[in-house]
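Undergrad: Okay, sequence plus prediction incoming.
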Amino acid sequence: MLNVCAECGEYRADKIIDPTGPAAICPLCQHPHPFRQLPLVAISGPSGAGKSTVCNALVQTTTTAVVLDADILWREDFNQPANHYAAFFDTWLRMAKNISQAGRPVVLFNAGAVPANLEPCIERRYFSRVRYLALVCQDDVLRARLNARPTWRGSHDSAFIEEQITFCRFLVANPAIECIDTSADTAVMTVAKVAAWLAMALQSSTDGPAATDT
């Protein structure tokens, strides 16, 4: 329970981060709590770009990080787009922060795992850096993939398809997000590309800037 001060017992998620320790300093009693400040990897993408396929594959093969699908904690009361799903992502960052204390960084898959949703979270400060990756594909490929899905998945609706295409274009245009285009790749090829990118990202993130204390 990193948010509970070992000295005064207060629960404060808004601890001041000293990256030189690193330590999380209680804003009330100034007690420094040493912790592992590891990077976080956030992988997003529209429906149909390959997130679930890649996530399921990496869960089986990745030993340097903990790979998780954020949807396992989704509840309808988290559906609050007006505040960037703050409760949902703060919950996930708090969990990822605590998992990281075992020495392995977290790789989080979720369509909404983008800077606008993660960076404002109070728990963001506990990560040395967040690396953002999106799986994307060309409009016609995405449209064909969504139309080819089983009916029960509810992805044939034209409004839904256009929404995913718009989201995909947003990801490609965002300079804070790196992208892997899956349009011409098999699932095996996409998994290999993401695995290679992940190895690079985790290595380079060890030298990234620390989170701020604001």
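TA: Okay, I see it.
Undergrad: outside of stretch 74-86, which residues touch it?
TA: 87-88, 91, 112, 116-117, 120-121 (C-beta atoms under 8 Å, 6 or more residues apart in numbering). From N, CA and C alone the C-beta is placed, and that goes for glycine too.
Undergrad: That stretch - what's its average pLDDT?
TA: In this model, stretch 74-86 has a mean pLDDT of 95.
Undergrad: for stretch 171-180, same thing?
TA: When pLDDT is averaged along stretch 171-180, the result is 98.
Undergrad: what does stretch 36-45 give?
TA: In this model, stretch 36-45 has a mean pLDDT of 98.
Undergrad: now the nearest residue to residue 94 once chain neighbours are set aside: how far from residue 14?
TA: Leaving aside its chain neighbours, residue 94 sits nearest to residue 123 (4.9 Å; criterion: C-beta to C-beta, 6 or more residues apart in numbering). Applying C-beta to C-beta, to the nearest Å, the value for residue 123 to residue 14 is 10 Å.
Undergrad: Who has more neighbours out of these two?
TA: A side-by-side neighbour count of residue 123 and residue 14, using other C-beta atoms under 10 Å, places residue 123 first with 23 against 14.
Undergrad: neighbouring contacts of the helix or strand bottoming out on mean pLDDT in the chain?
TA: Sorting the helices and strands of the chain by mean pLDDT, DSSP states H and E puts helix 187-205 at the bottom, at a mean of 92. Residues outside helix 187-205 that contact it (C-beta under 8 Å, 6+ apart) are 39, 41, 43, 50, 53-54, 57-58, 61-62, 64-65, 105, 107, 128-129, 131, 133, 135, 178, 180, 182, 185.
Undergrad: again, but for stretch 144-164
TA: So stretch 144-164 is in contact with 46-48, 137, 142-143, going by C-beta under 8 Å, 6+ apart.
Undergrad: what about it, how long is it end to end?
TA: Stretch 144-164 has an end-to-end distance of 12 Å (criterion: C-alpha to C-alpha, to the nearest Å).
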